[in-house]
Every structure is written in structure tokens, then in C-alpha cells.
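Asks: give me the fold of what follows.
(one chain, ligands or ions: 1)
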Amino acid sequence: MARYELVKRSVALITLTNPPVNALSSAVRHAIAKSMEHALNDPKVTAVVIYGENGRFCGGADIREFAGPLRGPPLVPLLDAIEAGEKPVVAAIEGVALGGGFELALVCHYRIAHFKARLGLPEVTLGILPAAGGTQRLPRLIGIPAALELITTGRHISAQEALKLGIVDQVTEQNACEVAVEFALRAVAKPLSSRRVSTLTTPCPPDLDALLEAVTMQVKKKARGAMAPLACVQAVRAAATMPYSKGIKRESELMATLFNSGQARALQYCFFAQRTAGKWTLPSGAQWNNSKPREIRRAAVIGLGTMGRGIVVSLARVGISVIAVESEKKLLETGKQMVIGMLERDAKRQGVSASLNLLKFTLSLQDLKDVDIVIEAVFEDMALKKHVFQELSKVCRPATLLCSNTSGLDVDALAGVTDRPHLVVGMHFFSPAHVMKLLEVVCGPRSSSETIATAMSLGKRMGKVSVAVGNCPGFVGNRMLKPYLDQATFLLEEGATPEQIDKALEDFGFAMGVFRMSDLAGLDVGWRVRKESGLTGPDIDPKNPPRRRQGHRYCPIPDMVCEQGRFGQKTGRGWYMYDSPGGTNAKSDPLIQNLLEMYRSRYGIQPRNISDQEIIERCLFALANEGFRILEDGIAARPEDIDVIYLFGYGFPRHRGGPMFYASMVGLERVLERLEHYHQAHPDVPHLEPSPLLKKLVACGSPPVQNWREHIKTMHSHL
Ligand SMILES: C[C@H](O)[C@H](C)C(=O)SCCNC(=O)CCNC(=O)[C@H](O)C(C)(C)COP(=O)([O-])OP(=O)([O-])OC[C@H]1O[C@@H](n2cnc3c(N)ncnc32)[C@H](O)[C@@H]1OP(=O)([O-])[O-]
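Replies: Here you go, the predicted model:
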């Protein structure tokens with residue numbers, strides 16, 4: 001777990017050997033302790049270098065060990081001893097120095113970083129704080145404001161930024177280990193006292209209290225209920241106001257409150273769920289590690305609307321040449337200017353030149369003959385999409401992959417109009433596509449494993465979190481959205497307001513309540529879908545729209561809002577009003593309050609007081625209930641996949657873990673009991689009827705999320 005060797009006759013080189021990221025497992029901590037003892041006691045050794053095998057210094061504590069009791073030497077005394085030692089210790093940082101890995105580097109007397117290395121204290125993203133002295137040493141080294149920013153955000157920084165901040169002593173383009181050994185030899189004669197960071201005095205700004213107060217407010221606003229960022233601020237306050245010996249105790253107390261919290265469990269679950277999502281499998285046995293993706297060099301994107309533009313930018317950013325196609329000259333020109341503007345702004349931020357030479361804009365599909373992949377992003381209309389796929393089938397060479405950015409249409413129906421159904425797959429990006437990290441890769445029954453592997457790997461290359469899902473209306477994300485939206489509108493009928501529902505959801509931690517989110521996405525999209533599915537249309541009496549349709553409860557209020565031309569932010573009016581079309585500042589609109597009052601009185605509904613608890617339960621349990629059905633139907637392979645989709649695509653709070661993890665934290669028995677209760681009260685809402693899988697899991701003793709898979713016997717897996 002750590003190799004010890006003597007190099008240059010007097011330097012002890014300790015190399016961490018715990019692939020893949022040299023995490024500080026109990027065995028690694030034990031090996032470091034032994035190696036350090038050896039180095040400090042061996043008279044031949046004059047200096048020490050700590051390095052990580054395979055070009056990775058250290059990814060921090062072993063997160064997998066968090067679930068069990070602490071074994072092996074604890075980190076704090078181990079690190080304190082390294083710092084206190086009388087021989088200079090140099091950290092040779094390649095790859096990453098994160099969390100405990102960064103804290104290990106901070107106790108070394110010198111730090112040499114490879115120019116490609118990244119450093120950071122990402123503990124806050126795991127619901128905890130840097131608890132091996134990081135909150136006490138970093139402020140002493142770089143001051144309170146910079147330390148607060150790094151610790152409360154968990155941001156990774158480059159070696160160059162670390163040098164500027166004074167975290168590392170040298171950045172090198174050569175082998176960091178070799179440079180560190182030479183550095184260590186030169187350091188032997190120098191005094192160490194000023195190099196022990198814990199002994200430094202924290203540089204404090206004169207207005208410390210005001211600064212901490214301002215940061216606390218800022219962090220609170222951003223944290224949306226997460227506890228760890230606030231605890232980080234408190235720990236840094238200790239570094240400013242207490243000696244190290246007391247500050248480290250404060251750090252440990254704060255860590256203790258976080259470590260066993262539900263939030264920490266949820267955030268650590270998210271870390272692993274995100275990695276699990278990349279490991280897709282198909283019933284055929286094809287899976288992520290036995291299916292080779294094709295290399296993609298040239299891509300085409302059809303349609304330069306909001307989605308198409310974002311996809312072009314995402315592809316060009318990672319060096320893929322893109323041909324962008326529009327149907328009309330004016331649309332092409334507008335799209336082109338927008339794409340170029342986006343890429344130029346991007347490049348300016350990074351201080352590089354924009355890769356505009358990768359782009360070509362055309363009106364002709366004929367130009368797509370030689371591309372490796374086409375991503376269609378035209379209007380969400382099946383007939384139009386089928387036409388495009390038929391044309392692509394004729395124009396593109398037989399090996400070209402044909403993908404659709406549909407947000408819910410039947411991918412297999414598109415495959416069916418082509419000459420290569422095995423090369424057709426859905427790539428459902430989320431708006432804005434160059435910002436949002438989620439990509440649903442929609443596997444049709446005829447999509448080949450190579451096609452799926454290629455789409456998944458292309459998503460990863462574009463920096464997306466790709467999740468393989470089955471082909472059904474709405475796939476995973478949008479299919480689950482329906483019961484969630486339905487509950488919100490039913491609650492409006494019963495007496496709630498959009499503001500009240502949004503506030504309850506935002507207090508829960510959502511980035512945006514359901515009505516604000518709908519205003520942002522555009523209310524006309526759902527209206528068109530409802531019209532296409534026959535739920536609404538010209539046959540409906542506008543004066544007296546029925547509240548039951550197709551055998552179920554139906555809320556006509558969203559249609560009534562659309563009928564008034566209120567399509568959300570883009571029209572300046574929706575569930576809220578905005579300063580102007582495109583405005584983002586949502587204000588309550590008395591017209592909506594009037595509409596709700598008139599509606600209730602027309603149907604004789606006595607509005608009642610609805611508690612936040614009911615809002616959360618009805619919206620989120622209905623959401624999770626649909627998730628259980630999706631698992632039963634084999635549309636998602638694992639609960640982790642569903643959670644990742646909601647975390648990255650729908651603003652579900654990370655510290656709640658995602659809808660399925662949240663349900664498990666509430667307790668499946670309780671979720672079942674509440675759904676039964678609400679279904680009894682609203683028997684005409686099928687989404688409130690508990691799913692058979694939920695009942696089954698409860699009958700099996702409510703196993704943890706990670707074990708649900710064993711209980712999902714899918715008759716027809718769609719994956
Ligand atoms: C005391 C101290 O104060 C506190 C308390 C702590 O220190 S808390 C811990 C703080 N450290 C972190 O938060 C860093 C977490 N890791 C990462 O950010 C990234 O992993 C990476 C280092 C930037 C590499 O990214 P990658 O894209 O190249 O590969 P990967 O796919 O992500 O990871 C490759 C494989 O390694 C696993 N892995 C990565 N980091 C791990 C860790 N710290 N512990 C255990 N496993 C880890 C990961 O699950 C995956 O496994 P599998 O899926 O192959 O089975």
C-alpha cells in the first residue's frame with residue numbers, strides 16, 4: 001500500500017500504491033506511518049519525498065471505509081507527526097491531491113506540483129468537511145477569504161492557481177517525483193520551523209466578523225439546506241480565532257456532527273451513483289466494459305434551435321468537427337452567430353482561442369455524407385423527425401450513427417424508417433445543452449451495443465453524465481415528471497398557490513419549484529403534448545372544461561393558462577409575471593390568483609389549507625412511485641440511474657440523494673403508507689396507487705437502495 005525506497009543514497013521515497021486513486025485506506029495509513037517512522041529513525045535518511053503511483057498523488061480518504069468503524073491509524077495524529085518531524089518532507093504531486101490527499105501535502109514542508117495536477121478539498125461535496133487539519137492549515141497558509149472559498153465550494157484548482165495562492169512551492173513540467181527528490185536534497189540544510197503550516201499565524205482581515213457573516217449568508221443561500229458548507233465556515237472561523245491545538249478539536253467536533261448525518265450519506269451515495277451510472281448493461285450481456293465504442297471525429301447536428309446550438313458547442317469544445325444544418329438561410333445565420341458567440345465567450349473565459357475552424361454551417365443534408373454521427377435536434381414532431389431520418393438514411397454512409405435528441409418520442413419508430421435500425425439511438429440532452437450535465441442515452445430494442453457504447457462514451461467525452469435508459473414515452477426523466485407536475489396542479493385546485501408549492505419544494509432543496517421550472521421550460525411544450533395525446537383540444541368546452549379525462553382526474557388549469565398566451569418566461573407571463581418577455585425575475589401575478597379563485601368557485605371546490613408536508617409528500621412520493629414503476633418496467637436498470645437523472649437534469653437536491661434514495665431515507669414503509677393514504681383520498685389518480693415493486697420491497701424488509709436490484713425481476717427489460 002506504500003513502497004519505501006532509498007534514492008540518491010539519502011532520500012526516503014514513500015510511494016502510495018493503492019490504485020486507482022491512492023486513497024488513504026487503513027492499510028495505506030498504516031504503511032505511511034511505518035515508512036515515516038523508518039525514515040525518521042534511519043540516520044542515512046536526510047529528507048523524505050511522498051509520491052503517488054500511476055501519476056496520482058492521492059484522492060483522499062477511502063470513502064468506501066466511511067460506512068464501517070474506523071480501523072488503522074487515525075489520520076490527524078499521523079499527519080501531525082509528519083509535520084513535526086525533523087527531516088524535510090516534500091510532496092511530489094502529480095494527477096490529484098484531493099481531500100485527505102491535499103491535507104497530506106499540507107503537512108509536508110514543501111510541495112512540488114506537476115503542471116497538470118489538480119488540488120482541492122472536495123469534502124463539502126460529500127457532506128463532510130476536511131477533517132485532517134485542512135480547515136486549520138489552509139487558512140494559515142493562504143488566508144481566510146481564499147481558504148473559505150476553496151473549502152466551502154470544494155472546487156478543484158490547477159497547479160498554476162495553487163502556485164499563485166501560495167499552496168505549492170514549485171510547478172514543474174517534468175517528472176514531479178524527480179524534481180521533488182532534487183528539491184529535498186537542497187532543503188536538508190534549511191530550517192523547518194517556518195515550514196510547519198500549523199504553527200503559522202492565520203492572516204486575518206481586520207473586518208473578520210463582517211467577512212464571516214457575509215460568507216455565511218452567501219453560503220446559506222447557495223446551500224439550499226445543506227449543512228456541510230455552513231460547518232466549513234465555522235471550522236475556518238476556528239482557524240482565525242483559536243490556536244491550532246484548539247482549532248483542530250473544533251474541526252473534529254464539527255466533523256462528528258456531519259459524519260453520521262443523512263446528508264453525508266446521501267452525498268456519498270451520489271458520488272458512487274454517478275460512477276455506477278456509467279456501468280450500463282444490456283440483457284444480451286453486452287455492457288460498458290465489453291463493448292467498444294467507435295471513434296467519433298466528425299459529427300453533424302440538425303436543427304439550430306436552443307438545443308441544437310448547445311449540442312454543437314458541446315461537441316466543438318472537445319475538438320470534434322461539426323457540420324450544423326438548418327432548413328432556412330435566416331435560421332442558419334441566426335444559429336451560426338449564436339454558436340460562434342457562445343464558443344468565443346467560452347474561449348475568452350479560458351484564455352484560449354475559439355476552435356471555430358471545426359465548424360461548418362450548411363442548408364444541405366448532402367454535406368453529411370461522411371460524418372461519423374448525426375444528432376438530430378429538430379422540432380419535437382414525430383412526422384418531421386421521421387422525414388429527417390429517412391433523408392439521413394439516404395444521404396449518410398451506411399456506417400453513420402443516427403441519433404435523435406427527442407425528449408420523449410419513440411426512438412424505435414425513428415429507427416424503423418431507416419436502413420440501419422441498429423445504429424439508431426436517442427441522445428436526450430437537457431436545456432441548455434452546453435451547460436446541463438445530463439444525457440439520457442435512449443436504447444431502442446434494435447440499438448446495437450456498439451451504438452450504445454459510442455453514445456455513452458461520446459457523452460462522457462463532452463463532460464456529460466450519461467445514463468442508459470429504455471425507450472418509452474418520456475424515457476425516465478420526463479416520464480417521472482408527469483405525476484410530479486400533476487400533483488402540483490391538483491394541489492392548486494385544492495387550495496394551494498404556485499408560490500406556496502414552489503416555496504415548499506425550494507425549502508426542500510430544489511433549485512427551482514415546479515411552477516418556476518415550468519415557466520422557464522415553456523408551458524406550451526406540455527400543452528402541445530396534451531393536445532397530441534388527445535387530452536385537450538378544440539372539442540373541450542372552454543367554459544366548462546371537464547376534470548376527468550381518459551378515465552382519470554385531470555386538471556385543466558395549465559391549459560387555461562396557455563389559452564391566455566401565457567407560455568412562461570419567454571412571453572413574460574406564465575404561472576408568474578416577469579418584467580418583460582425573457583425576464584427571469586418571477587413575481588406573483590394577481591391574475592393567476594383570480595383565475596384560481598374563479599376556477600374553484602366554478603367547480604364548487606372549497607379551498608383548504610394545505611401543509612408543506614402534504615406538498616412534499618404528494619409531489620415527491622408520486623415522483624418516486626413512478627420511479628418504482630420504471631424499475632419494474634426495465635426502463636432504468638438501477639435506482640442509482642434514476643437518482644442521477646434527477647440530480648443532474650431536474651435540480652433535485654444532492655444532499656437528499658435523488659428521489660429513490662430519498663424514499664429509502666424516509667422509509668419505504670412510510671412512503672407506502674402515505675401513498676395508500678393519498679390514493680384512498682384521490683382514487684381517480686392512478687399515480688398515487690403504490691407500485692407493486694414498492695410493496696414488494698416493503699414486504700422484503702425495505703432493503704437499502706443498493707440492494708433493490710436483486711428484487712427487480714423485470715419480465716421485459718428494455719435495457
Ligand atoms: C480526511 C479527509 O478530510 C476527508 C474525510 C476525505 O479525504 S474525504 C475524500 C475526499 N476525496 C474526494 O472527494 C475525491 C473523490 N474522487 C474523485 O473526485 C475522483 O475519483 C478523482 C480522484 C478526481 C478521479 O476521477 P476519475 O474520473 O479519474 O475516476 P473516477 O471514476 O472518479 O474514480 C475511479 C474509481 O476510484 C474510486 N474512488 C475515487 N476516489 C475515491 C476515494 N476517495 N475513495 C474511494 N474510492 C474512490 C471511484 O469510486 C471509482 O471506482 P470504480 O467506479 O472504478 O469502482
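Asks: buried stuff in the lowest-mean-pLDDT helix or strand in the chain?
Replies: In the chain, the helix or strand scored least confidently by mean pLDDT, DSSP states H and E is helix 523-532, which has a mean of 90. Neighbour-count burial for helix 523-532 flags 523, 524, 526, 527, 529, 530 (criterion: 16 or more other CB atoms under 10 Å). C-beta here means a position set from N, CA and C on the backbone, and glycine is covered the same way.
Asks: break the chain into its domains for me.
Replies: Listed domain ranges for the chain are 2-259, 298-473, 496-602, 612-634+637-711 (source: automatic domain parsing).
Asks: can you give the contact residues for stretch 271-291?
Replies: 63, 125-126, 441, 443, 449-450, 452-453, 456, 460, 465-468, 637-638, 640-641, 643-644, 647, 657-658, 661, 717, 719 (CB atoms under 8 Å, 6 or more residues apart in numbering).
Asks: and stretch 201-209, how far out from the chain middle?
Replies: Remark: stretch 201-209 is offset 35 Å from the chain centroid, using CA atoms, centre = their mean, to the nearest Å.
Asks: cool, stretch 16-29 as well?
Replies: For stretch 16-29, the distance to the chain centre is 26 Å (CA atoms, centre = their mean).
Asks: in it, what's buried?
Replies: 16, 18, 21, 22, 23, 24, 25, 26, 28, 29.
Asks: how far does that stretch stretch from one end to the other?
Replies: Length of stretch 16-29, first residue to last, CA to CA, to the nearest Å: 10 Å.
Asks: how about the residues of the chain near the ligand?
Replies: 20-21, 23, 59-64, 75, 96, 98-100, 103, 122-123, 126, 128, 130-132, 134, 272, 275 (CB under 6 Å from any ligand atom).
Asks: just the ones of the contacts of stretch 271-291 in helices?
Replies: 449, 450, 452, 453, 456, 460, 640, 641, 643, 644, 647, 661 (DSSP state H).
Asks: got the CA coordinates for stretch 637-648 in CSV?
Replies: Backbone C-alpha positions of stretch 637-648 (Å, rounded to 0.1, in the frame of the first residue of the first chain) are rendered in CSV as follows:
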residue,chain,number,x,y,z
ALA,A,637,-31.6,-0.7,-14.7
ARG,A,638,-31.0,0.6,-11.2
PRO,A,639,-32.4,3.2,-8.7
GLU,A,640,-29.0,4.9,-8.9
ASP,A,641,-29.6,5.7,-12.6
ILE,A,642,-32.9,7.4,-11.8
ASP,A,643,-31.4,9.4,-9.0
VAL,A,644,-28.5,10.6,-11.2
ILE,A,645,-31.0,11.7,-13.8
TYR,A,646,-32.9,13.7,-11.2
LEU,A,647,-29.8,15.2,-9.7
PHE,A,648,-28.2,16.3,-12.9
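Asks: tell me which residue in the stretch 151-300 of the chain sits closest to the ligand.
Replies: Proximity of the stretch 151-300 of the chain to the ligand (CB to the nearest ligand atom) peaks at residue 275, 3.9 Å away.
Asks: A strand includes that residue, no?
Replies: No: applying DSSP: H, G, I helix; E, B strand; the rest coil, one finds residue 275 to be helix, outside a strand.
Asks: and it, how many residues sit next to it?
Replies: Residue 275 has 12 neighbours, counted by other CB atoms under 10 Å.
Asks: so for it, what's the pLDDT?
Replies: Looking at residue 275, its pLDDT is 96.
Asks: same check, this time on residue 716
Replies: Confidence score, pLDDT, at residue 716: 66.
Asks: just residue 713 next, same as before
Replies: What the model reports as pLDDT for residue 713 is 69.
Asks: over to residue 67?
Replies: pLDDT, read off for residue 67, is 88.
Asks: now it: how far from the ligand?
Replies: 11 Å (CB to the nearest ligand atom, to the nearest Å).
Asks: and what of residue 628?
Replies: Using CB to the nearest ligand atom, residue 628 is found at 25 Å from the ligand.
Asks: got the CA positions of whichever helix or strand that residue is part of in CSV?
Replies: Assigned by DSSP states H and E, residue 628 falls within helix 612-632. The C-alpha coordinates for helix 612-632 follow below in CSV (Å, rounded to 0.1, in the frame of the first residue of the first chain):
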residue,chain,number,x,y,z
ASP,A,612,-45.9,21.9,3.2
GLN,A,613,-45.6,18.3,4.3
GLU,A,614,-48.6,17.3,2.1
ILE,A,615,-47.0,19.2,-0.8
ILE,A,616,-43.7,17.4,-0.4
GLU,A,617,-45.3,14.0,0.1
ARG,A,618,-47.7,14.2,-2.7
CYS,A,619,-45.2,15.6,-5.2
LEU,A,620,-42.2,13.6,-4.2
PHE,A,621,-43.8,10.3,-3.3
ALA,A,622,-45.7,10.3,-6.6
LEU,A,623,-42.4,11.0,-8.3
ALA,A,624,-40.6,8.1,-6.6
ASN,A,625,-43.7,5.8,-7.2
GLU,A,626,-43.3,6.3,-10.9
GLY,A,627,-39.5,5.6,-10.4
PHE,A,628,-40.5,2.2,-8.9
ARG,A,629,-42.7,1.5,-12.0
ILE,A,630,-39.8,2.5,-14.3
LEU,A,631,-37.6,-0.1,-12.5
GLU,A,632,-40.4,-2.7,-12.8
